[in-house]
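Q: Could you work out the structure for the sequence below:
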Amino acid sequence: MDFTALPTLTGQRVTLEPLSADHVEELKVAVAEGELWRAWYTGIPSPDGMAAEVARRLALFAAGQMLPWAIRDNARGTVVGMTTFMNITPQHRHLEIGSTWLAPSAQRTGINTEAKLLLLRHAFEALDCIAVEFRTHFHNRQSRAAIIALGAKQDGVLRNHQLGRDGTLRDTVVFSIIQGEWPTVRLGLTERLTRHASAR
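A: Just a heads-up that it's a prediction; the model follows:
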């Protein structure tokens, strides 16, 4: 159970590659699509801020506090977003999947579903986690719906949890999947991917 290793995770639709500075230019293109960073309730970096954000994630990785990946669409061969393991506590076999974003063209394609399946499989089967957490802004309804669709259950809401970039107060909604739920969640995600494949 090496919580510091950053492996490549490969599926049919998506590959999660260990994040590096070499991904910055592709990530700039992906985030510019739909101007994702302009949503006030997210912390998605702008194209100009991408290099700094990648450097921040890599510094956290070097400190043993984050496992960051770039998300590559296998069909197109392009990087379409980022994701991480964060708030890692090996002594409690617990971590959070977060700081995730996807270009609009990659959303609702099965890419997020398979990426989460790969991440959850690594967390529960390779790292033997007892719980995996997800957090999102209360006003990010799309993110909340996507987390619920994974099979996660809502644990609660942290009121006035953080200050946003614009000074607004953030209520953070906390979800989790626990170890005993993983077999059922895995079946659900696999079925969703099968439906995506048959619909293409």
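Q: first to last residue in stretch 72-84, what's the distance?
A: Looking at stretch 72-84, the gap from its leading to its trailing residue is 14 Å under the measure C-alpha to C-alpha, to the nearest Å.
Q: Pull the residues that contact that stretch.
A: In this structure, residues lying in contact with stretch 72-84 by C-beta atoms under 8 Å, 6 or more residues apart in numbering are 11-17, 19, 23, 26-27, 29-30, 57, 66-71, 97-103, 105-106, 109, 111, 115, 119. To be clear about C-beta, it is placed using only N, CA and C from the backbone, and glycine gets the same treatment.
Q: So which of these sit within strands?
A: Assigned to strands by DSSP state E, the following of the contacts of stretch 72-84 qualify: 14-17, 66-71, 97-102.
Q: Per-residue confidence, His196, what does it come out as?
A: What the model reports as pLDDT for His196 is 74.
Q: And Val54, how close does it get to Pro45?
A: Between Val54 and Pro45 the computed distance is 8 Å (C-beta to C-beta, to the nearest Å).
Q: actually Ser105, sorry about that
A: Taking C-beta to C-beta as the measure, Ser105 falls 18 Å from Pro45.
Q: more crowded one of the two?
A: It is Pro45, of Ser105 and Pro45, that has more neighbours when counted by other C-beta atoms under 10 Å, with 22 against 15.
Q: Tell me how many other residues surround the nearest residue to Thr100 once chain neighbours are set aside.
A: Distances taken as C-beta to C-beta, 6 or more residues apart in numbering put Thr83 closest to Thr100, at 4.1 Å, once the chain neighbours are dropped. If you count neighbours by other C-beta under 10 Å, Thr83 ends up with 24.
Q: What are the buried residues along the helix or strand harbouring Thr83?
A: Secondary-structure element containing Thr83, defined by DSSP states H and E: strand 78-89. By 16 or more other C-beta atoms under 10 Å, the buried positions in strand 78-89 come out as 79-86, 88.
Q: partner strands of it, parallel or antiparallel?
A: Strand 78-89 has the following sheet partners, assigned by DSSP bridges: strand 66-73 (antiparallel), strand 94-102 (antiparallel).
Q: next one: the longest one to chain centre, how far?
A: Distance of strand 94-102 from the chain centroid (C-alpha atoms, centre = their mean, to the nearest Å) equals 4 Å.
Q: Check what contacts it and list those residues.
A: Taking C-beta under 8 Å, 6+ apart as the criterion, the residues outside strand 94-102 that touch it are 3, 31, 36, 42-44, 57, 66, 68, 71, 80-89, 111-112, 116, 119-120, 123, 127, 129-135.
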